[in-house]
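**Student:** Sequence and predicted structure below; questions after.
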Amino acid sequence: MSKTSKLTILLSSFTVLLCCYYLIYVTPFFPNQNGGLGHDYALWFPRMLAGVYYFENNGFSIVPWFTPSFCGGNVFFADPQNLFFSIPQFLNFYFGPVFSVTLTFMLFAAFGLVGSYLLAHHTFHLRFSSSIFAAALFLFNGFYAYRIIIGHLSYHSFMLIPLICYVLLQPDRTRTWIGEIAISLVAAMLCSYVFYSGGIHLILPLAFSVASVFILFRMCGNNLKFALWRSLSVLVFTMIFCAAKLNVAFATLNTFSRDYYPLSGIDNIFYAFWVPIKSLFISAFTVGETNTIFANSQWAIERHELELSLTIVPLILILWGLIKLFLKDIKISKSQYYCLIPLVIIFSLPIAINFYTPEWNTLLKQTPILKNSVTLVRWYALYIPIIVMVSSLILNKFIRNKSIVFVLIALVIFIKSNEEKSYYAEQSYNPDLVIYAHDQVMKTKVVPKITEISSSNRVVTPEGIEMPGGDGIMAFGLSQINCSESLFGYRNEEFKQKELLEVNQLVTKTSNKIFNLKNPACYVFPNENNCNPGDHFRIDQVDELLNFTSYKGFNFNMPVRQHIFNWMSLVSFIISSVFFVIFFINSLLFRSLKKS
């Protein structure tokens, strides 16, 4: 097959796959049959609008550490989940929120598709058809699709996993040290994007998922020494790029621990294994089922939490591979058996941390990071990349008929198109107010200042149209006191000194020498600003308050280390960008000279 015909088939296959993806997941749910979106967009759409307001007033001249838009003054960039520096937010600077999310959805689906193909074909050296199968299987994983549909926008970076693995496992045969720096910086920027786009909950599952792909790569007879050294350099670069975000995120989490919720788990050993198997290969559990399976749960585990489905196709392939192994058609060397040990350990982690006994649960609630969670079922997602690669390797070894491979891809698409989706079709978040507000600021270039604290659930536009409110009432200068903020807990349990805010009163109203608006710097850097979490702007801070309510930022104190990390991240990004420009120009010149 010529390179031209191969490229034509590849592009045609990718186009068909992405079109099917769009028809299955985008057309029915953005918006759904009732005009609604996933319920968690009630959190993200107003925050993206706040980002638009900051960008409209300041461009990138300031970092929006905090926002007056909701909660009577709240953290913004200082929130670990904030995605101001992300593709969906950048798109929203110019396009409506629904289009921005839809485009992000498809763009990262394409990243996952291409990354999986590159990983399978150029790293694991699978045949052309087997590599397309791997790409299609990863593309249609249920974790990414249904999380984005429900509104878990900060999870969109999940689809970068294959691309990260591909870059980290690039061969070193002909690369110069400059080329090695370039490839390490690319990987570091991909990893950094996970942090900056709010994917804090993905960090550990993503890291273990990448590790499992590394182990599989070693089992296929490849040397990992160089890849491990590169990974170490990537880790260092990533920490430098993310220094500003990481430090302020930890400072915020120090105020809002969220370790007071019980951690749910499965108290039956059979279900501890059955839940991920069913979720990965068959279908997600319903809310009624999870309520009987999961113990020690204060909150219901909804259907989208267990949507992982890769369909039954990879399960059949893996079982077939096990049969071939039993029949000795697949031979495993002693060194490969040793590689199975860390792989089994990684595979055991999601099962272990989702298992429940009172004693084990007590230990988990004392473990950093894990103790702040309500449920850890998202860790099941680390299985997805490794299952995709293992099933594709088996397919590559035993099925050489291309027609059968494409039949299996068609079967995956058929199963995905017929999955039960009524839960998502009935989602009811109404984005009309945020869409209206975005249209207004795009037309007028006027950003509405926050003038009042409110608990209103509905607002009336100047055109006389009544719309549901929520956090979106910021569009009318109102900061919602009954805001949606995960840092504060599901019932605002950690909304510090909420009682000091006076509802339906101007933010400039003074009482006991304080204004009716919180100084969010006190949530993050209380010692440096001589205040306590939840404190308000003082009457001597009137300029800071007026700048803050106008989305212009305000002066506040931060520790010396935060200043250092801010400059470290900024300078490293600038230097890396200049390096890439020089490297790209040098590569073009070298190629042109070589041809001549």
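**Tutor:** Sure thing, it's come through.
**Student:** Which helix or which strand is home to the residue lying closest to Ile332 once chain neighbours are set aside?
**Tutor:** If the residues on either side of it in the chain are set aside, Ile332 comes closest to Leu325, at 7.1 Å by CB to CB, 6 or more residues apart in numbering. In short, each C-beta sits where N, CA and C put it, glycine included. Element membership for Leu325 (DSSP states H and E) is helix 313-326.
**Student:** Same question for that helix: list its buried residues.
**Tutor:** Residues of helix 313-326 classed as buried: 313-315, 317-318, 321 (neighbour count, 16 or more other CB atoms under 10 Å).
**Student:** do the same with stretch 6-17
**Tutor:** 10, 13-14, 17.
**Student:** if we can go back for a sec, CSV for the buried residues of helix 313-326, including pLDDT and distance to Leu588?
**Tutor:** Formatted as CSV, those follow (pLDDT from 0 to 100; distance: CB to CB, whole Å):
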residue, pLDDT, distance to Leu588
Val313, 97, 43
Pro314, 97, 41
Leu315, 97, 47
Leu317, 96, 43
Ile318, 96, 45
Gly321, 93, 44
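**Student:** Would you list the phi and psi of Ser391?
**Tutor:** phi -60, psi -40 (degrees, to the nearest 10).
**Student:** Repeat that for Ser264.
**Tutor:** Dihedral angles (degrees, to the nearest 10) for Ser264: phi -70, psi 160.
**Student:** My guess is it contacts Val374. True?
**Tutor:** Yes: counting by CB atoms under 8 Å, Ser264 touches Val374, with 6.8 Å between them.
**Student:** Please parse this protein into its domains.
**Tutor:** Domain assignment for the chain, taken from automatic domain parsing, gives 3-30+77-400, 33-76+426-558.
**Student:** Could you tell me the end-to-end distance of stretch 214-223?
**Tutor:** This stretch, stretch 214-223, spans 10 Å end to end (CA to CA, to the nearest Å).
**Student:** Could you do stretch 277-293 as well?
**Tutor:** 14 Å.
**Student:** Stretch 71-88 too?
**Tutor:** 23 Å.
**Student:** Equivalent analysis for stretch 521-533, please.
**Tutor:** For stretch 521-533, the end-to-end distance is 8 Å (CA to CA).
**Student:** the strands in the chain, which residues?
**Tutor:** In the chain, the strands defined using DSSP state E lie at 66-67, 74-75, 265-266, 294-295, 452-454, 458-460, 466-468, 478-480, 505-506, 510-511, 514-518, 536-538.
**Student:** Can you pull the poorly scored residue ranges out of this structure?
**Tutor:** Across the chain, the ranges flagged by pLDDT under 70 are 1-2, 173-175, 590-596.
**Student:** which residue is nearest the middle of it?
**Tutor:** In the chain, the centroid-proximal residue (CA atoms, centre = their mean) is Tyr155; its distance is 2.1 Å.
**Student:** Just to check, it is in contact with Ile149?
**Tutor:** No: assessed by CB under 8 Å, Tyr155 is found out of contact with Ile149, at 11.0 Å.
**Student:** ok, Phe270 - how many residues close by?
**Tutor:** By other CB atoms under 10 Å, 8 other residues sit near Phe270.
**Student:** Look up how far Ile564 lies from Gly38.
**Tutor:** 39 Å (CB to CB, to the nearest Å).
**Student:** quick one: which of the two has more around it?
**Tutor:** Legend: neighbour count by other CB under 10 Å for Gly38 and Ile564, higher for Gly38 (25 against 13).
**Student:** What spatial separation is found between that one and Phe140?
**Tutor:** Applying CB to CB to Gly38 and Phe140 gives a distance of 19 Å.
**Student:** can you check Pro431 too?
**Tutor:** Distance, Pro431 to Phe140, using CB to CB: 26 Å.
**Student:** Looking at these two, which has the bigger crowd around it?
**Tutor:** Taking neighbours as other CB under 10 Å, Pro431 and Phe140 compare with Phe140 leading, 28 against 25.
**Student:** So what does the more buried one look like in phi/psi?
**Tutor:** When quoted as degrees, to the nearest 10, the phi and psi of Phe140 stand at phi -90, psi 20.
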